[in-house]
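> sequence and predicted structure, then a few things I'm wondering about:
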Amino acid sequence: MRFDTVIIGGGLAGMACGIRLAEAGQRCAIVSQGQSAIHFSSGSFDLLGRLPDGTPVTDPVAGIAALAESAPAHPYSVIGAERCARHAETAAELLRSAGIRVAGDSRRNHFRITPMGKAKRTWLTIDGYLTTDDADRLPFKTVCIVNVEGFLDFYPEFIAEEFRKRGVECRFGSFNHPDLEQIRRNPSEMRSANIARVFDRDADLEALAAELHRCSEGCDALILPALIGINRNDSLELLRARVGCPIHLLPTLPPSIPGIRAQQALQHRFRALGGEYFLGDSVLSAETRGSRVERIYTANHGNIPFEAAHFVLATGSFFSKGLLATPDRIVEPVFGADTEFVPSRSEWYTLRFFDRQAYQAFGVKTDPALRVIKEGKALDNLYCAGAGLAGFHPVQEECGAGVSLLSALHVAETILKIEN
């Protein structure tokens, strides 16, 4: 099978790179072994929330520019501040073109309310999820926090405690529905995705609207767990219209509805552009000639290779097995790329869970064009994008989604310049 570009990995970086290349007319394939980390997304995309020293970032673009001196190995520093600013605008439009309705500004972070009711600094948030411009204030005085009876992945009391710190009066509501009884028989099945499938049906959504209308009396807004709209786009709009009261969603513990919806939307967009998506397949080996990758072989296709002019490694980090840890080194398992890591294993981590962990910055070595380095030399047509890159701490710096999106667009831009 011959393509212009083959992308290994179907997460946020792989999908963004594939969509951008397909938009430009390339014939692309994505090989993905399974669910990506997008399924655990909580409805927002971070660009840069903190500098490496912990300083909060208000203006992500300005913060990225500051990284050049404090963190020269950071992917943003490698890409360059000016390009990052441009790619950030492109990334927001790419998400919207896929049907993911996001709001936000790369020059000013806002706050998205987390499943525990706290305010988290972020860049883009999907429509319907509760946000605020001031971490210490919320846009209402009285709310009703509503949950499904028996749903354990949502914590109204914790949320109310955080809201009351901001001067918000909180009440509680709950609802049930006969069509939930089937999944309620097994507590492990009472998960957000299963509940959302029930409320995808018109009659059940109308019944939910009636229950929420009852809960809304005397309230400025309703706070609802993200249990709607897994396979339809109009659920929230319909509820808001029927109830006549502002409704704000909060993400639940993963797997999350906004993450699943985002993954589905990106896949649909890629396929609509002519891209071929091979789900449930994994790369077993690669053939190179000199400094070029010529073809890869996968588990599902046996001796039928994937050939391309360009290859993109977007397999992620340890979570998705894009990186593997042995007793004395970090390994990239597909191509045997050179990796950045600390030689002494005792320095890879600390026993304090919330500390800045060194291993989170381990990853694949690349040149400024994000071409993968192997045995000290850059491969001409193999690039790395996303969580597998070295030099950044996605959790502490609150930049994981941004690095995935911007590095993917940087790789796509480089490939398109070569082809044009």
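That came through, no problem. Numbering: from 1, shown residues only.

> other SSEs contacting the helix or strand hosting A22?
Using DSSP states H and E, A22 sits within helix 12-23. Helices and strands touching helix 12-23, by 3 or more CB pairs under 8 Å, 6 or more residues apart in numbering; DSSP states H and E, are strand 2-8, strand 28-32, helix 81-97, helix 257-272, helix 400-419. Yep, even glycine has a C-beta here, placed from its N, CA and C like the rest.

> which of these is buried the deepest?
Each of the helices and strands packed on helix 12-23 was scored by mean neighbour count; the highest is strand 28-32, a mean of 26, by mean count of other CB atoms under 10 Å.

> so what are the sheet partners of that one and their directions?
Strand 28-32 has its sheet partners listed here by DSSP bridges as strand 2-8 (parallel), strand 276-279 (parallel).

> what about the helices in the stretch 51-200 of the chain?
60-70, 75-79, 81-97, 156-165, 181-184, 192-198 (DSSP state H, counting those that start in this stretch).

> as JSON lines, the strands paired with strand 28-32 with mean pLDDT and distance to E217 would be great.
Shown next, in JSON lines, are these (pLDDT from 0 to 100; distance: least, CB to CB, whole Å):
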{"stretch": "strand 2-8", "mean pLDDT": "98", "distance to E217": "51"}
{"stretch": "strand 276-279", "mean pLDDT": "96", "distance to E217": "46"}
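
> got CSV for these, with distance to V293 too?
Formatted as CSV, the strands paired with strand 28-32 follow (distance: least, CB to CB, whole Å):
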stretch, distance to V293
strand 2-8, 9
strand 276-279, 17
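
> from the chain's centroid, how far away is the helix holding A22?
14 Å (CA atoms, centre = their mean, to the nearest Å).

> go on, stretch 337-354?
With CA atoms, centre = their mean, you get 24 Å for stretch 337-354.

> please enumerate the strands of the stretch 251-400 of the chain.
276-279, 283-289, 292-298, 306-313, 324-325, 330-331, 339-340, 363-364, 371-374, 377-384 (DSSP state E, counting those that start in this stretch).

> if we can go back for a sec, among the helices and strands packed on helix 12-23, which is nearest P305?
Ranking the helices and strands packed on helix 12-23 by proximity to P305 (CB to CB) places strand 2-8 first, at 9.3 Å.

> mind saving the C-alpha coords of the closest one as CSV?
Extracted in CSV, the C-alpha atoms of strand 2-8 (Å, rounded to 0.1, in the frame of the first residue of the first chain):
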residue,chain,number,x,y,z
ARG,A,2,1.4,3.3,-1.0
PHE,A,3,0.7,6.7,0.6
ASP,A,4,2.1,10.2,0.6
THR,A,5,2.4,10.0,4.4
VAL,A,6,1.9,7.3,7.0
ILE,A,7,1.3,8.3,10.6
ILE,A,8,1.8,5.8,13.4
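
> contacts for that strand?
Contact partners of strand 2-8, identified using CB atoms under 8 Å, 6 or more residues apart in numbering, comprise 14, 17-18, 21, 26-31, 276, 283, 296, 306-315, 334, 415, 419.

> and V334, how far from V6?
12 Å (CB to CB, to the nearest Å).

> where do the contact lists of those two overlap?
I296.

> what sits against A401?
Per CB under 8 Å, 6+ apart, neighbours of A401: 12, 41, 44-47, 123.

> farthest pair in the residues you listed?
Top of the distance list for the contacts of A401 (CB to CB): S41 and L47, 14.3 Å.

> ok, the two, which is more surrounded?
Using other CB atoms under 10 Å, the more surrounded residue of S41 and L47 is L47, with 30 against 24.

> mind checking the SS state of that one?
coil (DSSP: H, G, I helix; E, B strand; the rest coil).

> tell me the spacing between A309 and E413.
16 Å.

> how near is the residue lying farthest from the centre of the chain to K141?
Distance from the C-alpha centroid of the chain peaks at G218, with 36.5 Å (CA atoms, centre = their mean). From G218 across to K141, the span is 11 Å (CB to CB).

> number of nearby residues for the closest residue to P225 other than its chain neighbours?
Once flanking residues are discounted, P225 sits nearest to F154: 4.1 Å by CB to CB, 6 or more residues apart in numbering. When counting by other CB under 10 Å, one arrives at 22 neighbours for F154.

> hmm, A160 and F154 touching each other?
No. Counting by CB atoms under 8 Å, F154 sits too far from A160 to count as a contact (11.9 Å).

> who touches A103 in this structure?
124-125, 127, 131.

> what residues are bridge-paired with it?
T125.

> would you state the predicted confidence (pLDDT) at it?
pLDDT, A103: 96.
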